[in-house]
Structure formats: structure tokens, C-alpha cells
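Undergrad: I'd like to go over a predicted model; first the sequence, then the structure.
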Amino acid sequence: MLQIAFEKPFPLMMEVVEADDRVPSMRVEMKVSSSQFQHSLKYHGMLWIGCLDFSKFIAALNSSPVDALLKDMNGNFSLSVVGEGWIKTLSCELMKADVGGKKRVEAVFWAEVDDEVFQAIKNAFQQFPVWW
């Protein structure tokens, strides 16, 4: 099973469900949730992510300062890690509108992460078995 998952600072699970060799990309099932102060927010959807974009994101996790951005091919989802030193910011942004643009959903999951949590996130991505 090709999957990336971590629990801190908020639970995120990303599992590959399909791959396309014509346009090197992968369709992933994405789950993100957050519970805080008697409120909870959950996202569950399918996204296409370019393999090259995924590789660039993993490489950027090793830069200093860190400035890593992963977006899906439709611009509905982004995951970023930015910062330097032992405090970095992890953010996950989701946006989806209907065809006519009359309904729109937006959510942002954002948290500061220390070195220990950043290393766990970085390891989860670096241990993903790329096939391209």
C-alpha cells in the first residue's frame, strides 16, 4: 500500500489509489482532520498530484530555510512547510467550488511544528516508495 500518514500536528493520510503513466501523476485519497476546543473539521477527497511536483516537494523539505509546497493538479489542495530553525509552519489548504461557482468550500489547517514533528513529517514523505 502506497501511503503517507502522520498524526501530529493534525492527522493527515494520503493513499495512492491510481497512477497515470501518460501524464506522470497519481490519484490519491486524502484525509485531513482537526479537533480543537469542542470543534472538529474533516476533509476526505480524491486528488491528482503530479509525480514531478511530489518529487520537488520532497527535495524542498531538505532545503534551508524550508520552503516546500505540494499542490494538486486542479489547484484545490495544497500542503506547505515553511520556516527555518526549529519552528516551522505546516499548512494544508483545501478549496472546492461547484461548476457554476455558486457554492464554495474552503478550509485551512495550520500549525507550528517543532523539529521532532517536522522530522516525522519529513520521514513520512521521504520513505514513500517512488516508482518514477
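TA: Nice, thanks for sending it over.
Undergrad: distance of the most centrally placed residue in the chain relative to residue 104?
TA: Note on the chain: the residue nearest the mean C-alpha position is residue 79, at 3.8 Å, using C-alpha atoms, centre = their mean. According to C-beta to C-beta, to the nearest Å, residue 79 and residue 104 sit 20 Å apart. All C-beta spots, glycine's among them, are computed from the backbone N, C-alpha and C.
Undergrad: same question for residue 88.
TA: Per C-beta to C-beta, residue 88 is found 29 Å from residue 104.
Undergrad: quick one, which of the two is more surrounded?
TA: residue 88 (24 against 9; other C-beta atoms under 10 Å).
Undergrad: contact partners for the more buried one?
TA: Listed by C-beta atoms under 8 Å, 6 or more residues apart in numbering, the contact set of residue 88 reads 66, 81, 82, 112, 113, 118.
Undergrad: any idea which of those is closest to residue 96?
TA: Ranked by distance to residue 96 (C-beta to C-beta), the contacts of residue 88 are led by residue 81 at 22.5 Å.
Undergrad: pull the longest helix from this protein.
TA: Secondary structure of the chain per DSSP state H: the longest helix is helix 115-126.
Undergrad: now that one - C-alpha only, PDB.
TA: What follows is helix 115-126 as a C-alpha-only set of coordinates in PDB (Å, rounded to 0.1, in the frame of the first residue of the first chain):
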ATOM      1  CA  ASP A 115      12.000  19.800  14.900                       C
ATOM      2  CA  GLU A 116      10.700  16.500  16.200                       C
ATOM      3  CA  VAL A 117       7.300  16.800  14.500                       C
ATOM      4  CA  PHE A 118       8.900  18.200  11.300                       C
ATOM      5  CA  GLN A 119      11.300  15.200  11.200                       C
ATOM      6  CA  ALA A 120       8.400  12.800  11.500                       C
ATOM      7  CA  ILE A 121       6.500  14.500   8.600                       C
ATOM      8  CA  LYS A 122       9.700  14.700   6.500                       C
ATOM      9  CA  ASN A 123      10.400  11.000   7.100                       C
ATOM     10  CA  ALA A 124       6.900  10.000   6.100                       C
ATOM     11  CA  PHE A 125       7.400  11.700   2.700                       C
ATOM     12  CA  GLN A 126      11.000  10.500   2.200                       C
END
